[in-house]
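K.L.:
All I have is the shape, not the residue letters:
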(Lines give C-alpha, C1' and ligand atoms only; values in the text may rest on other atoms or scores of the structure.)
Protein backbone atom coordinates (compact mmCIF):
# COMPACT_ATOMS: atom_id res chain seq x y z
CA UNK A 1 0.00 0.00 0.00
CA UNK A 2 2.75 2.43 0.90
CA UNK A 3 4.24 2.15 -2.61
CA UNK A 4 1.27 4.08 -3.91
CA UNK A 5 1.66 6.88 -1.36
CA UNK A 6 3.51 10.12 -2.06
CA UNK A 7 6.98 9.88 -0.44
CA UNK A 8 6.38 12.92 1.80
CA UNK A 9 3.24 11.36 3.26
CA UNK A 10 4.88 7.98 3.64
CA UNK A 11 7.85 9.61 5.38
CA UNK A 12 5.65 11.41 7.93
CA UNK A 13 3.77 8.16 8.56
CA UNK A 14 7.01 6.24 9.12
CA UNK A 15 8.30 8.83 11.60
CA UNK A 16 4.99 8.89 13.48
CA UNK A 17 5.15 5.09 13.56
CA UNK A 18 8.27 5.38 15.76
CA UNK A 19 6.13 6.54 18.67
CA UNK A 20 5.54 3.79 21.22
CA UNK A 21 2.12 2.20 20.74
CA UNK A 22 1.59 3.71 17.27
CA UNK A 23 1.52 1.00 14.61
CA UNK A 24 2.10 1.64 10.91
CA UNK A 25 -1.64 1.70 10.13
CA UNK A 26 -2.37 4.20 12.90
CA UNK A 27 0.63 6.28 11.84
CA UNK A 28 -0.73 6.50 8.31
CA UNK A 29 -4.12 7.53 9.67
CA UNK A 30 -2.46 10.29 11.72
CA UNK A 31 -0.52 11.47 8.66
CA UNK A 32 -3.74 11.65 6.61
CA UNK A 33 -5.34 13.53 9.49
CA UNK A 34 -2.61 16.19 9.29
CA UNK A 35 -3.04 16.41 5.55
CA UNK A 36 -6.74 17.09 5.89
CA UNK A 37 -6.22 19.75 8.56
CA UNK A 38 -4.99 23.27 7.74
CA UNK A 39 -1.26 23.38 7.01
CA UNK A 40 -0.80 25.72 10.00
CA UNK A 41 -1.39 22.79 12.35
CA UNK A 42 1.47 20.79 10.85
CA UNK A 43 3.65 23.91 10.90
CA UNK A 44 2.88 24.53 14.58
CA UNK A 45 3.81 20.97 15.46
CA UNK A 46 6.99 21.20 13.37
CA UNK A 47 8.00 24.42 15.16
CA UNK A 48 7.24 23.01 18.59
CA UNK A 49 9.32 19.90 17.83
CA UNK A 50 12.22 22.00 16.56
CA UNK A 51 12.67 23.84 19.85
CA UNK A 52 11.75 20.97 22.18
CA UNK A 53 15.24 19.68 22.96
CA UNK A 54 16.76 23.13 23.28
CA UNK A 55 14.03 24.41 25.58
CA UNK A 56 13.82 21.49 27.95
CA UNK A 57 16.79 20.26 29.92
CA UNK A 58 17.34 17.71 32.63
CA UNK A 59 18.83 18.01 36.10
CA UNK A 60 22.37 16.66 35.97
CA UNK A 61 21.93 14.97 39.35
CA UNK A 62 18.47 13.39 39.35
CA UNK A 63 17.35 13.55 35.71
CA UNK A 64 14.17 15.54 36.44
CA UNK A 65 13.14 18.28 34.03
CA UNK A 66 15.15 21.42 34.73
CA UNK A 67 16.04 24.74 33.19
CA UNK A 68 19.31 24.83 35.17
CA UNK A 69 22.13 22.46 36.13
CA UNK A 70 20.19 21.27 39.19
CA UNK A 71 16.40 21.03 39.36
CA UNK A 72 14.17 22.75 41.90
CA UNK A 73 13.88 19.60 43.98
CA UNK A 74 17.63 18.94 44.18
CA UNK A 75 18.15 22.64 45.01
CA UNK A 76 15.48 22.76 47.72
CA UNK A 77 17.22 22.92 51.14
CA UNK A 78 14.03 21.72 52.88
CA UNK A 79 14.23 18.34 51.16
CA UNK A 80 16.17 15.36 52.50
CA UNK A 81 19.02 14.35 50.16
CA UNK A 82 19.68 11.13 52.11
CA UNK A 83 16.36 9.64 50.95
CA UNK A 84 16.19 9.04 47.19
CA UNK A 85 13.27 7.62 45.22
CA UNK A 86 14.15 5.86 41.95
CA UNK A 87 11.45 6.19 39.26
CA UNK A 88 11.03 5.17 35.64
CA UNK A 89 10.14 8.60 34.30
CA UNK A 90 9.24 12.19 35.03
CA UNK A 91 5.46 11.49 34.98
CA UNK A 92 6.00 9.06 37.89
CA UNK A 93 8.00 11.71 39.76
CA UNK A 94 5.19 14.22 39.25
CA UNK A 95 2.63 11.66 40.44
CA UNK A 96 4.61 11.06 43.64
CA UNK A 97 5.07 14.81 44.16
CA UNK A 98 1.31 15.24 43.82
CA UNK A 99 0.77 12.95 46.83
CA UNK A 100 2.67 15.38 49.07
CA UNK A 101 3.95 12.33 50.96
CA UNK A 102 7.57 12.44 49.89
CA UNK A 103 10.19 14.91 51.08
CA UNK A 104 13.35 13.34 49.66
CA UNK A 105 15.17 13.53 46.35
CA UNK A 106 14.64 11.52 43.17
CA UNK A 107 16.59 9.60 40.59
CA UNK A 108 14.86 9.37 37.21
CA UNK A 109 15.97 6.37 35.12
CA UNK A 110 14.25 7.58 31.92
CA UNK A 111 12.99 4.09 31.16
CA UNK A 112 13.07 0.56 32.52
CA UNK A 113 14.89 -2.53 31.35
CA UNK A 114 13.10 -4.09 28.40
CA UNK A 115 15.14 -6.62 26.41
CA UNK A 116 12.26 -7.03 23.94
CA UNK A 117 12.34 -3.35 23.06
CA UNK A 118 16.14 -3.21 23.12
CA UNK A 119 16.38 -1.19 26.33
CA UNK A 120 19.44 -2.33 28.27
CA UNK A 121 21.14 -0.84 31.36
CA UNK A 122 23.27 1.51 29.24
CA UNK A 123 20.13 3.23 27.87
CA UNK A 124 19.06 4.13 31.39
CA UNK A 125 20.58 6.41 34.05
CA UNK A 126 21.74 3.41 36.07
CA UNK A 127 25.50 4.14 35.97
CA UNK A 128 24.69 7.63 37.31
CA UNK A 129 22.66 6.05 40.11
CA UNK A 130 25.50 3.72 41.12
CA UNK A 131 27.96 6.61 41.10
CA UNK A 132 25.57 8.77 43.12
CA UNK A 133 25.02 6.01 45.67
CA UNK A 134 28.77 5.43 45.89
CA UNK A 135 29.36 8.98 47.13
CA UNK A 136 27.92 7.90 50.48
CA UNK A 137 25.36 10.68 51.01
CA UNK A 138 22.32 8.45 50.44
CA UNK A 139 20.93 6.45 53.36
CA UNK A 140 17.86 4.92 51.72
CA UNK A 141 17.05 4.24 48.09
CA UNK A 142 13.35 3.57 47.44
CA UNK A 143 12.97 1.59 44.21
CA UNK A 144 9.66 2.83 42.79
CA UNK A 145 9.84 1.27 39.32
CA UNK A 146 6.48 -0.20 38.17
CA UNK A 147 5.00 -3.34 39.71
CA UNK A 148 5.39 -5.30 36.46
CA UNK A 149 7.77 -7.88 35.04
CA UNK A 150 10.00 -5.16 33.57
CA UNK A 151 9.71 -2.93 36.64
CA UNK A 152 10.63 -5.80 38.98
CA UNK A 153 13.54 -6.83 36.75
CA UNK A 154 14.84 -3.25 36.79
CA UNK A 155 14.57 -3.08 40.59
CA UNK A 156 16.31 -6.46 40.92
CA UNK A 157 19.10 -5.37 38.59
CA UNK A 158 19.69 -2.14 40.54
CA UNK A 159 19.67 -4.12 43.78
CA UNK A 160 22.31 -6.50 42.38
CA UNK A 161 24.60 -3.54 41.65
CA UNK A 162 24.14 -1.84 45.01
CA UNK A 163 23.92 -4.62 47.61
CA UNK A 164 27.56 -4.18 48.53
CA UNK A 165 27.38 -0.41 48.93
CA UNK A 166 27.98 0.12 52.68
CA UNK A 167 25.27 1.71 54.85
CA UNK A 168 22.75 1.89 52.00
CA UNK A 169 19.22 0.68 52.70
CA UNK A 170 17.33 -0.48 49.62
CA UNK A 171 13.52 -0.54 49.73
CA UNK A 172 10.69 -1.16 47.29
CA UNK A 173 7.31 0.58 47.14
CA UNK A 174 4.49 -1.55 48.53
CA UNK A 175 2.26 -3.52 46.19
CA UNK A 176 -1.27 -4.48 47.21
CA UNK A 177 -4.96 -3.77 46.80
CA UNK A 178 -5.42 -0.14 45.71
CA UNK A 179 -7.55 2.17 47.85
CA UNK A 180 -11.28 1.97 47.07
CA UNK A 181 -11.08 -1.30 45.12
CA UNK A 182 -13.47 -4.20 45.39
CA UNK A 183 -11.43 -7.35 46.00
CA UNK A 184 -13.45 -9.33 43.47
CA UNK A 185 -12.25 -7.08 40.63
CA UNK A 186 -8.56 -7.13 41.55
CA UNK A 187 -6.28 -9.25 39.37
CA UNK A 188 -4.96 -12.48 40.88
CA UNK A 189 -1.34 -11.33 40.93
CA UNK A 190 -2.13 -8.21 42.96
CA UNK A 191 -4.38 -10.09 45.36
CA UNK A 192 -1.75 -12.80 45.84
CA UNK A 193 0.88 -10.15 46.60
CA UNK A 194 -1.46 -8.38 49.02
CA UNK A 195 -1.97 -11.63 50.94
CA UNK A 196 1.72 -12.49 51.07
CA UNK A 197 2.69 -8.97 52.15
CA UNK A 198 -0.05 -8.77 54.83
CA UNK A 199 0.78 -6.61 57.84
CA UNK A 200 0.06 -7.42 61.50
CA UNK A 201 -2.67 -5.38 63.16
CA UNK B 1 0.23 18.46 36.51
CA UNK B 2 0.89 20.41 33.32
CA UNK B 3 1.59 23.58 35.34
CA UNK B 4 4.84 22.00 36.48
CA UNK B 5 5.95 21.12 32.95
CA UNK B 6 8.28 23.29 30.88
CA UNK B 7 6.16 25.27 28.37
CA UNK B 8 7.94 23.77 25.35
CA UNK B 9 7.13 20.24 26.50
CA UNK B 10 3.58 21.14 27.37
CA UNK B 11 3.14 22.77 23.96
CA UNK B 12 4.33 19.68 22.08
CA UNK B 13 2.02 17.52 24.21
CA UNK B 14 -0.97 19.77 23.48
CA UNK B 15 -0.33 19.68 19.74
CA UNK B 16 0.10 15.88 19.75
CA UNK B 17 -3.16 15.71 21.71
CA UNK B 18 -4.96 17.10 18.65
CA UNK B 19 -4.47 13.81 16.83
CA UNK B 20 -7.64 11.72 16.77
CA UNK B 21 -7.54 9.02 19.42
CA UNK B 22 -4.63 10.59 21.33
CA UNK B 23 -5.70 11.81 24.77
CA UNK B 24 -3.81 14.36 26.84
CA UNK B 25 -2.09 11.69 28.94
CA UNK B 26 -0.94 9.74 25.88
CA UNK B 27 0.18 12.98 24.23
CA UNK B 28 2.35 13.81 27.24
CA UNK B 29 3.83 10.31 27.13
CA UNK B 30 4.66 10.77 23.43
CA UNK B 31 6.26 14.16 24.16
CA UNK B 32 8.42 12.61 26.90
CA UNK B 33 9.34 9.84 24.48
CA UNK B 34 10.65 12.41 22.00
CA UNK B 35 12.59 14.14 24.75
CA UNK B 36 14.32 10.92 25.70
CA UNK B 37 15.21 10.08 22.11
CA UNK B 38 18.07 11.82 20.23
CA UNK B 39 17.14 15.32 19.11
CA UNK B 40 17.65 14.23 15.48
CA UNK B 41 14.42 12.23 15.64
CA UNK B 42 12.37 15.30 16.60
CA UNK B 43 14.19 17.31 13.92
CA UNK B 44 13.41 14.68 11.27
CA UNK B 45 9.73 14.71 12.19
CA UNK B 46 9.68 18.53 12.22
CA UNK B 47 11.25 18.63 8.75
CA UNK B 48 8.87 16.00 7.38
CA UNK B 49 5.87 17.91 8.74
CA UNK B 50 7.13 21.18 7.28
CA UNK B 51 7.10 19.88 3.71
CA UNK B 52 4.05 17.62 4.00
CA UNK B 53 1.40 19.99 2.66
CA UNK B 54 3.61 21.35 -0.12
CA UNK B 55 4.67 17.90 -1.30
CA UNK B 56 1.29 16.21 -1.33
CA UNK B 57 -1.58 17.50 -3.37
CA UNK B 58 -5.06 16.27 -4.18
CA UNK B 59 -6.80 15.62 -7.48
CA UNK B 60 -9.12 18.53 -8.19
CA UNK B 61 -11.80 16.17 -9.51
CA UNK B 62 -11.90 13.18 -7.17
CA UNK B 63 -9.85 14.28 -4.14
CA UNK B 64 -7.37 11.39 -4.38
CA UNK B 65 -3.70 12.06 -3.67
CA UNK B 66 -2.07 13.55 -6.73
CA UNK B 67 1.04 15.41 -7.82
CA UNK B 68 -0.86 17.03 -10.70
CA UNK B 69 -4.25 18.67 -11.34
CA UNK B 70 -5.84 15.27 -12.05
CA UNK B 71 -4.78 12.01 -10.40
CA UNK B 72 -3.61 8.88 -12.20
CA UNK B 73 -7.02 7.26 -11.86
CA UNK B 74 -8.98 10.23 -13.27
CA UNK B 75 -6.41 10.46 -16.09
CA UNK B 76 -6.50 6.75 -16.97
CA UNK B 77 -8.42 6.31 -20.27
CA UNK B 78 -9.03 2.62 -19.50
CA UNK B 79 -11.21 3.50 -16.51
CA UNK B 80 -14.94 4.15 -16.68
CA UNK B 81 -15.81 7.73 -15.67
CA UNK B 82 -19.56 6.96 -15.63
CA UNK B 83 -19.16 4.74 -12.56
CA UNK B 84 -18.03 6.63 -9.44
CA UNK B 85 -17.37 5.20 -6.01
CA UNK B 86 -17.77 7.61 -3.06
CA UNK B 87 -15.41 6.88 -0.14
CA UNK B 88 -14.59 8.46 3.19
CA UNK B 89 -10.86 8.72 2.69
CA UNK B 90 -7.84 7.82 0.60
CA UNK B 91 -7.08 4.65 2.64
CA UNK B 92 -10.52 3.32 1.64
CA UNK B 93 -9.80 4.14 -2.00
CA UNK B 94 -6.49 2.27 -1.78
CA UNK B 95 -8.22 -0.70 -0.15
CA UNK B 96 -10.77 -0.87 -2.99
CA UNK B 97 -8.00 -0.51 -5.58
CA UNK B 98 -6.18 -3.41 -3.94
CA UNK B 99 -9.17 -5.69 -4.64
CA UNK B 100 -8.74 -5.17 -8.39
CA UNK B 101 -12.54 -5.38 -8.65
CA UNK B 102 -13.27 -1.76 -9.52
CA UNK B 103 -12.63 -0.06 -12.84
CA UNK B 104 -14.45 3.22 -12.32
CA UNK B 105 -13.55 6.59 -10.84
CA UNK B 106 -13.71 7.75 -7.23
CA UNK B 107 -14.92 10.67 -5.17
CA UNK B 108 -13.08 11.09 -1.86
CA UNK B 109 -15.11 12.95 0.78
CA UNK B 110 -12.15 13.38 3.18
CA UNK B 111 -14.32 12.51 6.16
CA UNK B 112 -17.87 11.56 7.07
CA UNK B 113 -20.62 13.50 8.79
CA UNK B 114 -20.06 13.52 12.53
CA UNK B 115 -22.06 16.14 14.46
CA UNK B 116 -20.37 15.09 17.70
CA UNK B 117 -16.93 15.90 16.32
CA UNK B 118 -18.18 19.02 14.55
CA UNK B 119 -17.91 17.60 11.03
CA UNK B 120 -20.76 18.98 8.92
CA UNK B 121 -21.40 18.80 5.16
CA UNK B 122 -19.30 21.91 4.49
CA UNK B 123 -16.18 20.19 5.92
CA UNK B 124 -16.52 17.41 3.35
CA UNK B 125 -16.24 17.35 -0.45
CA UNK B 126 -20.02 16.98 -0.78
CA UNK B 127 -20.70 20.21 -2.74
CA UNK B 128 -18.05 19.06 -5.25
CA UNK B 129 -19.84 15.70 -5.53
CA UNK B 130 -23.21 17.32 -6.21
CA UNK B 131 -21.66 19.58 -8.85
CA UNK B 132 -19.85 16.64 -10.44
CA UNK B 133 -23.05 14.58 -10.53
CA UNK B 134 -24.97 17.52 -12.01
CA UNK B 135 -22.70 17.57 -15.07
CA UNK B 136 -24.51 14.45 -16.29
CA UNK B 137 -21.52 12.23 -17.06
CA UNK B 138 -22.04 9.87 -14.12
CA UNK B 139 -24.45 6.96 -14.52
CA UNK B 140 -23.97 5.22 -11.20
CA UNK B 141 -22.73 6.50 -7.87
CA UNK B 142 -21.71 3.76 -5.42
CA UNK B 143 -21.89 5.08 -1.87
CA UNK B 144 -19.08 3.21 -0.09
CA UNK B 145 -19.00 5.15 3.17
CA UNK B 146 -18.56 2.91 6.26
CA UNK B 147 -21.31 0.59 7.49
CA UNK B 148 -21.71 2.58 10.74
CA UNK B 149 -24.12 5.16 12.11
CA UNK B 150 -22.02 8.01 10.73
CA UNK B 151 -21.34 6.25 7.43
CA UNK B 152 -25.04 5.50 6.92
CA UNK B 153 -25.99 9.07 7.81
CA UNK B 154 -23.48 10.39 5.29
CA UNK B 155 -24.82 8.08 2.58
CA UNK B 156 -28.42 9.08 3.41
CA UNK B 157 -27.51 12.78 3.29
CA UNK B 158 -25.83 12.42 -0.11
CA UNK B 159 -28.84 10.45 -1.36
CA UNK B 160 -31.18 13.25 -0.22
CA UNK B 161 -29.18 15.78 -2.27
CA UNK B 162 -29.02 13.65 -5.42
CA UNK B 163 -32.36 11.83 -5.70
CA UNK B 164 -33.67 14.39 -8.16
CA UNK B 165 -30.60 14.28 -10.40
CA UNK B 166 -31.96 12.72 -13.66
CA UNK B 167 -30.58 9.39 -14.90
CA UNK B 168 -28.34 8.90 -11.87
CA UNK B 169 -28.40 5.49 -10.19
CA UNK B 170 -27.41 5.55 -6.51
CA UNK B 171 -26.19 2.32 -4.93
CA UNK B 172 -24.67 1.28 -1.61
CA UNK B 173 -21.95 -1.31 -0.96
CA UNK B 174 -23.33 -4.58 0.40
CA UNK B 175 -23.24 -5.27 4.11
CA UNK B 176 -23.23 -8.82 5.44
CA UNK B 177 -21.17 -11.62 6.93
CA UNK B 178 -17.50 -11.15 5.96
CA UNK B 179 -15.71 -13.92 4.11
CA UNK B 180 -14.25 -16.59 6.37
CA UNK B 181 -16.24 -15.59 9.46
CA UNK B 182 -17.98 -17.93 11.86
CA UNK B 183 -21.58 -16.81 12.23
CA UNK B 184 -21.49 -17.22 15.99
CA UNK B 185 -18.84 -14.53 16.32
CA UNK B 186 -20.54 -11.96 14.08
CA UNK B 187 -22.21 -9.02 15.83
CA UNK B 188 -26.02 -8.99 15.89
CA UNK B 189 -26.35 -5.93 13.65
CA UNK B 190 -24.30 -7.47 10.85
CA UNK B 191 -26.09 -10.81 11.12
CA UNK B 192 -29.49 -9.08 11.08
CA UNK B 193 -28.49 -7.12 7.97
CA UNK B 194 -27.19 -10.28 6.27
CA UNK B 195 -30.55 -12.01 6.85
CA UNK B 196 -32.62 -9.06 5.62
CA UNK B 197 -30.43 -8.61 2.54
CA UNK B 198 -30.43 -12.34 1.67
CA UNK B 199 -30.15 -13.15 -2.03
CA UNK B 200 -32.10 -15.79 -3.96
CA UNK B 201 -30.13 -18.84 -5.10
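P.N.:
Here it is on my side, so go on. Computed from a prediction, not measured in an experiment: that's the story for all the values here.

K.L.:
Please enumerate the helices of chain A.
P.N.:
For chain A, the helices defined by DSSP state H cover A:7-16, A:24-36, A:39-55, A:72-75, A:90-99, A:126-134, A:149-162, A:188-196.

K.L.:
Kindly reformat these as a markdown table and extend each row with mean neighbour count and mean pLDDT.
P.N.:
For glycine as for every other residue, the C-beta is placed from the backbone atoms N, C-alpha and C. Output for the helices of chain A, formatted as a markdown table (neighbours: other CB atoms under 10 Å in any protein chain shown; pLDDT from 0 to 100):
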| stretch | mean neighbour count | mean pLDDT |
| --- | --- | --- |
| helix A:7-16 | 20 | 93 |
| helix A:24-36 | 19 | 90 |
| helix A:39-55 | 18 | 93 |
| helix A:72-75 | 16 | 95 |
| helix A:90-99 | 16 | 91 |
| helix A:126-134 | 16 | 96 |
| helix A:149-162 | 17 | 95 |
| helix A:188-196 | 13 | 86 |
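
K.L.:
Reformat the ones you listed as a markdown table; add distance to chain B.
P.N.:
Formatted as a markdown table, these follow (distance: least, CB to the nearest CB, whole Å):
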| stretch | distance to chain B |
| --- | --- |
| helix A:7-16 | 3 |
| helix A:24-36 | 5 |
| helix A:39-55 | 3 |
| helix A:72-75 | 9 |
| helix A:90-99 | 5 |
| helix A:126-134 | 14 |
| helix A:149-162 | 15 |
| helix A:188-196 | 22 |
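
K.L.:
Residue A:65: which of the ones you listed is closest?
P.N.:
helix A:90-99 (5.7 Å; CB to CB).

K.L.:
So what's the gap between the closest one and the chain middle?
P.N.:
From the chain centre to the centre of helix A:90-99 is a distance of 10 Å (CA atoms, centre = their mean, to the nearest Å).

K.L.:
Show me what it is packed up against.
P.N.:
If contacts are counted by 3 or more CB pairs under 8 Å, 6 or more residues apart in numbering or on different chains; DSSP states H and E, helix A:90-99 sits against strand A:80-87, strand A:104-108, helix B:24-36.

K.L.:
switch the cut-off to 10 Å
P.N.:
Helix A:90-99 sits against strand A:65-66, strand A:80-87, strand A:104-108, helix B:24-36, with contacts defined as 3 or more CB pairs under 10 Å, 6 or more residues apart in numbering or on different chains; DSSP states H and E.

K.L.:
Turn those into a markdown table, columns for distance to residue A:46.
P.N.:
Below are these laid out as a markdown table (distance: least, CB to CB, whole Å):
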| stretch | distance to residue A:46 |
| --- | --- |
| strand A:65-66 | 22 |
| strand A:80-87 | 31 |
| strand A:104-108 | 28 |
| helix B:24-36 | 13 |
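
K.L.:
who's in contact with the spatially most central residue of chain A?
P.N.:
Nearest to the mean C-alpha position of chain A, by CA atoms, centre = their mean, lies residue A:89 at 2.1 Å. Counting by CB atoms under 10 Å, 6 or more residues apart in numbering or on different chains, residue A:89 makes contact with A:63, A:95, A:108-112, A:145-146, B:29, B:32-33, B:35-36.

K.L.:
still on that earlier bit, among the helices and strands packed on helix A:90-99, which is nearest residue B:80?
P.N.:
Closest to residue B:80 of those is helix B:24-36 (CB to CB; 44.1 Å).

K.L.:
now the closest one: how far from the chain's centre is it?
P.N.:
With CA atoms, centre = their mean as the basis, the mean position of helix B:24-36 lies at 27 Å from the chain mean.
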